[in-house]
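S.K.: okay, predicted coordinates and the sequence, questions at the end:
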Amino acid sequence: MTIRDNCSLAGKNTFGMDVRADHMLEWSTPDELKGQLHDIEKPFLMIGGGSNLLFMGDFNGTVIHSTISTIEIIGSTDDDVHVKVGSGVVWDDFVAWSVINGFWGVENLSAIPGEVGASAVQNIGAYGVEAKDVIDTVQTICLADGSERDFSNAECGYSYRQSIFKNELKGQYAVAYVIFRLSKAAAPKLGYGALEQEVERRGGPTLANIRHAVISIRESKLPDPKVLGNAGSFFMNPVIPSAQFDALKVSWPEIPSYPANDGMIKVPAGWLIEKCGWKGRSLGPAAVYDRQALVLVNKGGATGADIKRLADAVIQDVYSRFGITLSTEVNYI
Ligand code: EPU
């Protein structure tokens, strides 16, 4: 366990914001966190890989980061395995481990930045798969009293990029471990966009081919945070009533869409933003990425306020043109 004061967060957020925290606590076992809860300064901010945060300034409180880094098979049947993964494991290391061991379920989620704890909070998703599809249990510690609480998948309240940990219970529980259920039998999911074509080009739907196809599609569209600060999708894809979608289709017959729950329609925010002329445009040191309009980037030296100014301008223009209010996927701190 380490506790540091006046700690730089520059390497702890993928936007590359050069901000500081009053304190930083890194814990590697549940007991370490429990032992410190009454002594460390509030408010708390739990971070993983910092790939979904936009710091608006220094953080006056304690940043809490798990470094629990174990991956352990805790159950196995003819059909599947239960794998208990520490919240501090880098998400893509877990995906690579699953692919090497021949377990199906997370290969479409290759190369998503961040750590395992945050995957269960954000319900990360890509190429037709979401974390909720493979999460069995989320094991947590209550920050108010140090008690342990296990949340079943149903108790996590998952929907598109949402969970109970981002809403009703926001900031109240630290994730210690996530138990995933992965399949031993081949279960390729290739329905999304160009994935099937890319997998066939590589010789068919093996775990390794799917992983490498996803990585190559992502690399072609998404900026590497080590080169250009960003937090992946800055906005969520809006989900709108079908009547509103039908009305938009009259003016924009080519508008792309995906079916969502309860007869609602999901529209790609990237398309809406591009149609407003923002793709590749800058506002000071902040820009809309030129290969995927859903991503905002720090061209160098941008502050949280610079990025927010751009986000607000984009939200305003999308609303004026389409009557849709974009919500951010990134959390402002
Ligand atoms: N599109 C445009 N212009 C753009 C971007 C997209 O017209 O600049 C349109 C195209 O029609 C394209 C469609 O949007 O076919 C969908 O684009 P893409 O496949 O790139 O996916 P997305 O809906 O923009 C979502 C996730 C991504 C995830 C991809 C693939 C959200 C907010 N984003 O993006 O997640 O990788 O699907 O599954 O749901 C992330 O969360 O950080 C992230 C990158």
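M.R.: Cool, got the structure. Numbers count the residues shown, from 1 in each chain.
S.K.: can you report how many residues lie near residue 10?
M.R.: Residues lying near residue 10 (other CB atoms under 10 Å) number 14. C-beta coordinates here come from the backbone N, C-alpha and C atoms, glycine included.
S.K.: same question for residue 247.
M.R.: Neighbours around residue 247, by other CB under 10 Å: 13.
S.K.: begin at 466 from now on, thanks
M.R.: Yes, from this point I'll number from 466; that puts the last item at residue 712.
S.K.: tell me if it really is in a helix.
M.R.: Yes - checked against DSSP: H, G, I helix; E, B strand; the rest coil, residue 712 lies within a helix.
S.K.: and the residue of the stretch 566-715 of the chain found nearest the ligand, helix, strand or coil?
M.R.: Scanning the stretch 566-715 of the chain for proximity to the ligand using CB to the nearest ligand atom identifies residue 697 as nearest, at 2.4 Å. Classification of residue 697 using three-state DSSP returns strand.
S.K.: would you confirm that it contacts residue 757?
M.R.: No - Residue 697 is not in contact with residue 757 according to CB atoms under 8 Å; the separation is 9.3 Å.
S.K.: who touches both of those two?
M.R.: Among the neighbours of residue 697, those also in contact with residue 757 (CB atoms under 8 Å, 6 or more residues apart in numbering) are residue 687.
S.K.: does the lengthiest helix in the chain reach the ligand?
M.R.: Using DSSP state H, we find that the single longest helix of the chain is helix 769-787. No - using CB under 6 Å from any ligand atom, we find that helix 769-787 stays clear of the ligand, coming within 11.8 Å at best.
S.K.: what number of residues lie near the residue nearest to residue 633 when sequence neighbours are not counted?
M.R.: For residue 633, ignoring the flanking residues on the chain, the nearest one in space by CB to CB, 6 or more residues apart in numbering is residue 622 at 7.4 Å. Other residues lying near residue 622 total 17 when counted by other CB under 10 Å.
S.K.: likewise for residue 588?
M.R.: 21.
S.K.: quick check: it touching residue 629?
M.R.: No - using CB under 8 Å, residue 588 is not in contact with residue 629, being 10.3 Å away.
S.K.: hang on, residue 794 packs against residue 699?
M.R.: Yes - between residue 794 and residue 699 there is a contact under CB under 8 Å: 6.5 Å.
S.K.: need the contact list for residue 614.
M.R.: With CB under 8 Å, 6+ apart, residue 614 has these contacts: 604-607, 638.
S.K.: for residue 475, same thing?
M.R.: 481-484.
S.K.: pull out the buried members of those.
M.R.: Of the members of the contacts of residue 475, the ones counted as buried by neighbours, 16 or more other CB atoms under 10 Å, are 481-482, 484.
S.K.: which one of these sits closest to the ligand?
M.R.: residue 481 (16.2 Å).
S.K.: tell me the contacts of the closest one?
M.R.: Contacts of residue 481 (CB under 8 Å, 6+ apart): 475, 690, 694, 763.
S.K.: coming back round to it: Serialize the contacts of residue 475 to CSV and add fields for distance to the ligand and secondary structure.
M.R.: Listed next are the contacts of residue 475 as CSV, based on distance: CB to the nearest ligand atom, whole Å; DSSP: H, G, I helix; E, B strand; the rest coil:
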residue, distance to the ligand, secondary structure
481, 16, coil
482, 17, coil
483, 22, coil
484, 21, coil
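S.K.: residues of the stretch 666-798 of the chain that sit close to the ligand?
M.R.: Residues of the stretch 666-798 of the chain lying near the ligand (CB under 6 Å from any ligand atom): 686-687, 697-698, 701-702, 721, 733, 735-736, 739, 744, 757-759, 794.
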